[in-house]
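1. pasting a predicted model and its sequence here:
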Amino acid sequence: MALPEASRILVLRLGAVGDVVRTLPAARAVREAYPDAHLAWLVEPGAASLLQGQPWLDAVHVFPRGSLRQALRRGRWMGAAAEAGDFLRSVRDARFDLVLDFHAILKSGLLSWASRAPRRVTYSHPFAREGAAWFATERAELSPPKQSRFLRNEGLVRYLGVESAMPAAPLVVPSAARARADAALRGERPVAIHPGTSDSTEHKRWTAEGYAEVAKRLAGAGGPSSIVTVGPASDDRAFADEIVSRAGGAARLAPSTPSLLDLAGLFDASRLYIGSDTGPMHVASMVGLPVLQLIGPTDPVENQPFPGTPSRTVREQIACNPCRRGCAAATCMKAIRPASVVEAAEALLAAP
């Protein structure tokens, strides 16, 4: 299939950091297929800083989700409408001729349609939801109905005729971010433990006791020490402090990472990532850091780590997992044994 002509292309993927990061390989493949095109990305504020540091993107359009929500909560309807109108005009004035809607929900479908691009491509059912497919001019039918997000995104660009849809090193770590990490770590290459999750997905967390035990066993066997990174959730610092306290010197708090690019630089300077299914886990895999994924309620098929990076997944099957909503008991996460995590970590550390 011949590539369609396009000189101004918009990638549309809103949402959480992990979802945006998992779209990077497909978007990077589009760049390689269209080296001379203007390639832009429409994203929400949470992941914007990561995209703004990518030299292969020409522009990043940030959807003002936070300010719009705040205006509506305060009853400033006219102000919200004016801000939304200004943003939509800026997207329309960019005169895109091809939009790739990887998000495929009502909001992204409306944004795609508002761009007035003559060619708007998204998924067909079941990957398109909330009527998003009605706003596209073309819909890619993918099979099977359950597959990893990476393969799903790859399928959309393959629909266009892009052959190389899984490029190596899809995330570029700026040299300044890596230099800051090297300076903070003083040449050490530790194991990076990211124990936290968002405030709404605490059911994805493993235990502080488990992480501390893993850090002690890895360091006690002559392996590297661990650093514990802190995310933006309200109780992440307290959770990290508890792990460090329990680890008895085998782990310490990670250097501060004020931006996602700083976090990527820290992972780039580490030897191994250990954590649950979160955006930082996918950031780590995007920079080529081997990742050890601990999952319970998460679907192990849809949420596989990037296939271009060495990885292992530790998971205990119980009667009710995977599930979409999780539960306060988090029984499936508590069932994970430290010995299984240490075994998988040592295998990844020993690999070439």
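-> That came in fine, so what should we check first?

2. mind listing what the residue nearest to Gln52 when sequence neighbours are not counted touches?
-> Nearest non-adjacent residue to Gln52, counting by CB to CB, 6 or more residues apart in numbering: Val60, 5.1 Å away. For glycine as for every other residue, the C-beta is placed from the backbone atoms N, C-alpha and C. By CB atoms under 8 Å, 6 or more residues apart in numbering, Val60 lies in contact with 40-41, 43, 48, 51-52.

3. just list whatever residues bridge to Val60.
-> Note on Val60: beta-bridge partners Trp41, judged by DSSP bridges.

4. report pLDDT for it.
-> Note for Val60: predicted pLDDT of 96.

5. ok, Ala40 to Ala94 distance?
-> Between Ala40 and Ala94 the distance, using CB to CB, to the nearest Å, works out to 7 Å.

6. from what I can see Thr313 touches Gln293, true?
-> Yes. Contact status for Thr313 versus Gln293: in contact at 4.6 Å, counting by CB atoms under 8 Å.

7. list residues touching both of the two?
-> The contact lists of Thr313 and Gln293 share Pro305, where a contact means CB under 8 Å, 6+ apart.

8. okay, Pro167: pLDDT?
-> Listed pLDDT for Pro167 reads 67.

9. so which of Thr313 and Gln293 has more stuff around it?
-> Counted by other CB atoms under 10 Å, Thr313 and Gln293 do not tie: Gln293 has more neighbours, with 25 against 16.

10. what backbone torsions are found at that one?
-> Main-chain dihedrals, Gln293, degrees, to the nearest 10: phi -100, psi 130.

11. so it bridges to which residues?
-> According to DSSP bridges, beta-bridge pairing links Gln293 with Gly275, Thr313.

12. burial of Phe102, as a residue count?
-> Neighbours of Phe102 (other CB under 10 Å): 26.

13. contacts only, for it.
-> Applying CB under 8 Å, 6+ apart, one finds that Phe102 lies in contact with 11-13, 23, 26, 122, 153, 156.

14. now do the buried residues in stretch 45-55.
-> 46-54 (16 or more other CB atoms under 10 Å).

15. now that stretch: average pLDDT?
-> Averaged over stretch 45-55, pLDDT sits at 92.

16. got the CA positions of that stretch in PDB?
-> Listed next in PDB are the C-alpha coordinates belonging to stretch 45-55 (Å, rounded to 0.1, in the frame of the first residue of the first chain):
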ATOM      1  CA  PRO A  45      -0.800  19.100  30.100                       C
ATOM      2  CA  GLY A  46       0.300  16.000  32.100                       C
ATOM      3  CA  ALA A  47       2.600  14.600  29.400                       C
ATOM      4  CA  ALA A  48       3.300  17.800  27.400                       C
ATOM      5  CA  SER A  49       6.800  18.400  28.900                       C
ATOM      6  CA  LEU A  50       8.000  15.000  27.700                       C
ATOM      7  CA  LEU A  51       6.800  15.700  24.100                       C
ATOM      8  CA  GLN A  52       8.200  19.200  24.100                       C
ATOM      9  CA  GLY A  53      11.700  17.800  24.500                       C
ATOM     10  CA  GLN A  54      11.500  15.500  21.500                       C
ATOM     11  CA  PRO A  55      13.500  17.000  18.500                       C
END
